[in-house]
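1. Fold the stuff below for me.
(3 chains)
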Amino acid sequence: MKIASVIVDVPTTQTDRPFDYAIPDVWQGFIQRGMRVIVPFGNRQVQGFVLDLKNHSEFSNLKELIEPMDLVPVLNDELLHLGDFLAKTTLCMKISAYQVMLPPALKAKYDKYLILGNDTELQQLPFELQLLFDKKERVLWKDAVEVMSASYLYREARNGMFEVIYEVKNKGNKKKITYYRPAFSEQEFKKRLESVTLGNKQAQIIQFFLAYFQPHTVASIEENVTGARNSLKSLVEKGFLQKEEHEQYRDPYQDRQFVRTTALALTEEQQQVISPILKSIEEVNNDVFLLHGVTGSGKTEVYLQSIDEVIKKGKEAIVLVPEISLTPQMVNRFKGRFGNKVAVLHSGLSIGEKYDEWRKIQRKEVQVVVGARSAIFAPFENLGIIIIDEEHETSYKQEDSPRYHARDVAIERGNYHQCPIILGSATPSLESFSRAKKGVYTLLTMAKRMNQSALPKVEIVDMREELRTGNRSMFSQALLEKMRDRIEKKEQIVLFLNKRGYSSFVMCRDCGLVVQCPHCEVSLTYHKVSNQLKCHYCGYESYAPKTCPECQSEHIRFFGTGTQKVEEEIGKILPEARIIRMDVDTTSRKGAHEKLLTAFQEGKADILLGTQMIAKGLDFPNITLVGVLTADTMLHIPDFRASEKTFQLLTQVSGRAGRHQLPGEVVIQTYTPEHYSVQLAKEHDFIQFYQQEMSIRRVGQYPPYYYLALINVSHENLQLVVKVMDKITTFIRHNLSNQARVLGPAASPIARINNRYRYQCLIKYKKEPNLIPVIQKAIAHFHEEQLKKGMTITVDLNPFTMM
DNA sequence: AGCACGCCGACT
DNA sequence: GTCGGCGTGCTC
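-> A predicted model of the protein is given here:
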């Protein structure tokens, strides 16, 4: 095999195909499919993935590839194939599909350098450049353009004064740890000592080695002989010690003790649910199970015992959880059961830590991976099960290219490995539940909580009524009384503030002006800490105005209830309450999240106050009251899934209460108590909610009855955006069947971000085999505009947000 | 993406 | 006449 077919790291439609390279003799037999290589591309070097090896190419004068970047392939055949699947089903570049499957540490970085031409003397250069080149062979391009214009540099490069070179940075990411070991046996060591005289420090080090005759790290030598580091080198030179480097994994969980657990006895329901799963594992079937289990019904134990069975068969398991750093309890459960067989992958890890966890998987040192969305690409080769917990979570859909959904990838991989998939949730997505009803998935139900505990009693409080009776605080009378009661009883409270879609905006009470971002069509968010207004879309910041910028009125107010404000108010009315506040501000530091939760678990606070991040996975026995301060803010966002999201959230939050011996109670405060998603969450009635919501989706022609595709065009010039979007929409409308509904063009819900206008076209369809080629054709038409005018066109198949 | 090639206006 | 504007097309 003399030729490698390579996908290059140039993410454009024109280069989204394999390029052939000759394999130089030195690398013959070494280069394999799935390896990363450095190849010449045009006049620069880029990274690429070897797709294939072959002996013939249609292209006659091939360049040689430069060198491999890996010792062993980073992508196996299955993942190479999966990349193709991603590119086809999400309309992304193949290179982006492959990059997303690997830990970010393996993504190439490029450096552009300037080196002197062959005949160039340093003195010929302008003074500023002479300084840069001083004693250096090469100068970073970005340093050079600081002192000389790019056009000058390019011109002189053309004249031969410089050469411009590119280099793929292959970062040595492996963490090395240095050991010193005795160079010979103990007797030999002593014998040799007699024939030399050593300095004081060196003698001390030798004594230390004689006392503990084994390899030592520099740190441990230093502990015993201070200043030893300076003498180690000469001991190596004299032949007493050998220096060696061991690769070491950074283990983010290394200094933590995990209490080992064994399988718990299953409840009757759990047994009923697990037996078809075990059967599927046994028979190597590619079944998809939808495990619908109420909060606290013990889904995790079902996962654990299924995985255990898979491991016994010598296979591997992937467990996806929504943003795992948010649920350290979950990690503990897996680490506790499977110990060092588990790798953990989530966004809280550093790039290096992610890389290390990934390598444990690649080297088959672990059998289980627990992680967020991208863990679905774990390079296992013998998958026995894939579990997606909280299956309905929107975070399983990646919101930028490649816009894949982990569930779809899971099903594709399950099909390849012929292994079962479990989708678990207390509130399944309508898509999954309807598939289960149709028999595409196998529905498994757990309707009871473990520990004989009942689902919590839910009380809905109409906040309009509170207002009428003169209560203007954010706590209803009912909630306040219950909070007092729990604090007295030394039981714990979780207060949930639903902030999404309800940022704390600034409004003038006189003229009604809402302060907006000058670059985006969104209202600015007030941040109390810095007294600033910030735009969450483009990062614009300004100081909070004291008077209305429009009418100069002083009645300008900050609307919306932030966690800080709630904390302040509790401090006023319940001064004895100890509060832990969890939001972006208090959990941004690494590990802060877990610390706060641990403190709460240990009873160091009465109230846990937070946003989204406390809705899931909390399982503390002492929580007996859950308060939802504003249940309906999410209902008003322009999204057909608003009701579904509200129902899911209320159910999840309620599920935090009374999971163990003590009974739980939930208070939901709302301005729309009659809404079915609020009412049915109170009744814990998912089935009823499903039916009601489905009929609305049917009428509105929304998923799961229809599939969606969203095309978005953005550019600074509004006219251009409208024109292009209009042409695309018309083209698509004419080329799909009349079953399809093509809506638009219309301004996006956020009509402008970063001064770029945004228009969109929404396609609703049931069956359109030509959809993807038609969209591709429509977009291809506007290639030039994209290239020259900086217009962006994006396509999101099965979008989760319409923003 | 990044660059070379190439064809038209304003400068020595 | 030439420098440089950016429109066009190519990269194995």
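
2. So which residues of the stretch 51-200 of chain A form helices?
-> Here the stretch 51-200 of chain A has its helices, by DSSP state H, counting those that start in this stretch, at A:77-90, A:94-100, A:127-133, A:141-147, A:150-158, A:186-194, A:200-211.

3. Please apply the same query to the stretch 301-450 of chain A.
-> For the stretch 301-450 of chain A, the helices identified by DSSP H, counting those that start in this stretch occupy A:328-338, A:351-362, A:406-417, A:430-438, in order along the chain.

4. Output the first one as PDB - backbone C-alpha positions only.
-> Extracted in PDB, the C-alpha atoms of helix A:328-338 (Å, rounded to 0.1, in the frame of the first residue of the first chain):
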ATOM      1  CA  PRO A 328     -21.100  14.100  41.200                       C
ATOM      2  CA  GLN A 329     -23.400  11.600  42.900                       C
ATOM      3  CA  MET A 330     -23.700   9.800  39.700                       C
ATOM      4  CA  VAL A 331     -20.000   9.500  39.200                       C
ATOM      5  CA  ASN A 332     -19.700   8.200  42.700                       C
ATOM      6  CA  ARG A 333     -22.300   5.500  42.000                       C
ATOM      7  CA  PHE A 334     -20.400   4.200  39.000                       C
ATOM      8  CA  LYS A 335     -17.000   4.500  40.500                       C
ATOM      9  CA  GLY A 336     -18.300   2.900  43.600                       C
ATOM     10  CA  ARG A 337     -19.600  -0.100  41.700                       C
ATOM     11  CA  PHE A 338     -17.000  -0.500  39.000                       C
END
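
5. List the buried residues for that helix?
-> Residues of helix A:328-338 classed as buried: A:P328, A:Q329, A:M330, A:V331, A:N332, A:R333, A:F334, A:K335, A:G336, A:R337, A:F338 (neighbour count, 16 or more other Cβ atoms under 10 Å). Every residue, glycine included, has its C-beta placed from N, CA and C.

6. who does that helix touch, helix- and strand-wise?
-> Using 3 or more Cβ pairs under 8 Å, 6 or more residues apart in numbering; DSSP states H and E as the contact criterion, the elements in contact with helix A:328-338 are helix A:299-312, strand A:342-345, strand A:368-371, helix A:592-601.

7. hmm, who's touching the second one?
-> So the one you mean is strand A:342-345. Under the criterion Cβ atoms under 8 Å, 6 or more residues apart in numbering, residues A:252-253, A:324, A:331, A:334-335, A:354, A:357-358, A:360-361, A:366, A:368-372, A:374-375, A:378 lie in contact with strand A:342-345.

8. I'd like the average pLDDT over stretch A:573-582.
-> Regarding stretch A:573-582, the rounded mean pLDDT is 91.

9. next one: stretch A:191-201
-> Mean predicted confidence for stretch A:191-201 is 79.

10. same deal with stretch A:257-264?
-> Stretch A:257-264 comes out with an average pLDDT of 81.

11. start to end distance for that stretch?
-> With Cα to Cα, to the nearest Å as the measure, the ends of stretch A:257-264 fall 20 Å from one another.

12. got the buried residues for it?
-> A:F258.

13. gap between that stretch and the chain center?
-> The chain centroid and the centroid of stretch A:257-264 are separated by 28 Å under Cα atoms, centre = their mean, to the nearest Å.

14. residues making contact with that stretch?
-> Contacting residues not belonging to stretch A:257-264 are listed as A:E301, A:L304, A:Q305, A:D308, A:N332, A:R333, A:K335, A:G336, A:R337, A:G339 [Cβ under 8 Å, 6+ apart].

15. Just the closest of those to A:E491, please.
-> Distances from the contacts of stretch A:257-264 to A:E491 were compared by Cβ to Cβ; the smallest belongs to A:N332, at 23.2 Å.

16. if I look at that closest one, how far off is A:V225?
-> 40 Å (Cβ to Cβ, to the nearest Å).

17. Which per-residue confidence value corresponds to the spatially closest residue to A:Y540 that is not a sequence neighbour?
-> Taking Cβ to Cβ, 6 or more residues apart in numbering as the measure, A:Y540 lies nearest to A:C517, with 5.2 Å between them; neighbours along the chain are not counted. You'll see A:C517 listed with a pLDDT of 83.

18. Return the longest strand seen in chain A as CSV; C-alpha atoms alone will do.
-> Within chain A, and with DSSP state E defining each element, the longest strand by residue count is strand A:741-753. As requested, C-alpha coordinates have been extracted for strand A:741-753 and formatted as CSV (Å, rounded to 0.1, in the frame of the first residue of the first chain):
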residue,chain,number,x,y,z
ARG,A,741,-44.5,22.5,4.7
VAL,A,742,-41.9,25.1,3.9
LEU,A,743,-42.3,28.1,6.2
GLY,A,744,-40.6,31.4,5.6
PRO,A,745,-38.5,33.2,4.9
ALA,A,746,-38.9,34.9,8.3
ALA,A,747,-36.7,36.8,10.7
SER,A,748,-35.2,34.5,13.3
PRO,A,749,-36.6,34.8,16.9
ILE,A,750,-33.4,36.7,17.6
ALA,A,751,-33.3,38.8,14.5
ARG,A,752,-29.8,40.2,14.9
ILE,A,753,-26.7,39.0,16.7
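
19. The longest helix belonging to chain A packs against which elements?
-> Ordering each helix of chain A by length in residues (DSSP state H) puts helix A:718-735 first. With contacts taken as 3+ Cβ pairs under 8 Å, 6+ apart, helix A:718-735 sits against strand A:707-715, strand A:741-753, strand A:756-765, helix A:771-780, helix A:783-789.

20. and that helix, what's its mean pLDDT?
-> If you average the pLDDT values across helix A:718-735, you get 90.

21. so how far is that helix off the chain centroid?
-> Taking Cα atoms, centre = their mean, the mean C-alpha location of helix A:718-735 is offset from the chain mean by 33 Å.

22. now do stretch A:427-445
-> With Cα atoms, centre = their mean, you get 25 Å for stretch A:427-445.

23. can you check stretch A:368-375 too?
-> Remark: stretch A:368-375 is offset 10 Å from the chain centroid, using Cα atoms, centre = their mean.

24. again with stretch A:454-474
-> Between the centre of stretch A:454-474 and the centre of its chain there are 36 Å (Cα atoms, centre = their mean).

25. Could you do stretch A:599-607 as well?
-> With Cα atoms, centre = their mean as the basis, the mean position of stretch A:599-607 lies at 29 Å from the chain mean.

26. Other residues contacting that stretch?
-> A:483, A:486-487, A:490, A:492-495, A:570, A:577-580, A:608, A:620, A:622.

27. quick one: least confident of these?
-> Scanning the contacts of stretch A:599-607 for pLDDT, the smallest score is found at A:F620, 83.

28. Quick check: the residue nearest to that one when sequence neighbours are not counted vs DNA strand C, distance?
-> In space, and not counting its chain neighbours, A:F620 is closest to A:Q601: 5.4 Å by Cβ to Cβ, 6+ apart. Between A:Q601 and DNA strand C the distance, using Cβ to the nearest atom of the strand, to the nearest Å, works out to 56 Å.
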